[in-house]
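Colleague: Sharing a model prediction with you, sequence too.
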Amino acid sequence: MDRPNYITPAGYAALSAEYRQLLGEERPKLVDVISWAAGNGDRSENGDYIYGRKRLREIDRRAGFLARSMKAAKVVDPAAQPDRSRVYFGATVTIADEDDQHRTLTIVGDDETEAGAGRIGWNAPLARALRGAAIGDVRRVELPGGEREYEVMAIDYPTGGDTSPPRL
């Protein structure tokens with residue numbers, strides 16, 4: 001990986017919880033079902049066995065992805081951002097387009113994006129265009145639908161973290 005895989009503490013906790021749930025709960029139950037189904041004889045037409053093996057491969061693949069993501073993750077607490085006047089990782093930004101349509105987005109790690117909930121990945125084109133912007137700045141971004149301009153209307157960060165600058 002050439003660039004850091006930033007993630008919020010909540011995003012890391014969600015990945016970790018999914019990993020624990022898959023390996024600690026779902027996989028052991030599935031192994032029991034597969035063992036039971038294998039003991040029933042003919043496996044070629046045994047739905048429990050066939051589906052169970054397929055689901056087991058899916059779980060192992062997802063668990064491997066989660067393990068790699070957590071290993072590469074660099075947890076960054078947005079509440080600890082010392083410069084809250086500019087858009088950085090974890091900022092919740094309200095932007096307005098040329099048609100004065102307002103949108104509120106939160107810039108999160110690429111592993112925790114959810115466009116429907118307004119969470120966009122740190123490396124998404126819009127997030128890259130907004131990085132370092134202050135209130136009133138206009139940023140141009142090339143999107144799949146064409147080039148658009150957005151003005152930063154508001155910037156907000158979560159509270160509750162240590163707001164002192166990070167020590168080197």
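Modeller: Cool, got the structure. Only a predicted model underlies this, so the values are computations on that prediction, with no experimental measurement involved.

Colleague: Could you point out the longest helix of this structure?
Modeller: Assignment by DSSP state H gives helix 47-72 as the longest helix of the chain.

Colleague: which residues touch the longest strand along the chain?
Modeller: Ordering each strand of the chain by length in residues (DSSP state E) puts strand 146-156 first. Under the criterion Cβ atoms under 8 Å, 6 or more residues apart in numbering, residues 84-87, 91-98, 102, 126, 129-130, 133-141 lie in contact with strand 146-156. C-beta: built from backbone N, CA, C; applies to glycine.

Colleague: Of these, which count as buried by neighbour count?
Modeller: With burial judged by 16 or more other Cβ atoms under 10 Å, the buried subset of the contacts of strand 146-156 is 86-87, 91-93, 95-96, 126, 129-130, 133, 139, 141.

Colleague: Show only the entries of these found in helices.
Modeller: Residues of the buried ones among the contacts of strand 146-156 located in helices (DSSP H): 126, 129-130.

Colleague: if we take those, which one ends up nearest to residue 145?
Modeller: residue 126 (11.6 Å; Cβ to Cβ).

Colleague: close enough to count as contact, the closest one and residue 141?
Modeller: Yes. Counting by Cβ atoms under 8 Å, residue 126 touches residue 141, with 5.4 Å between them.
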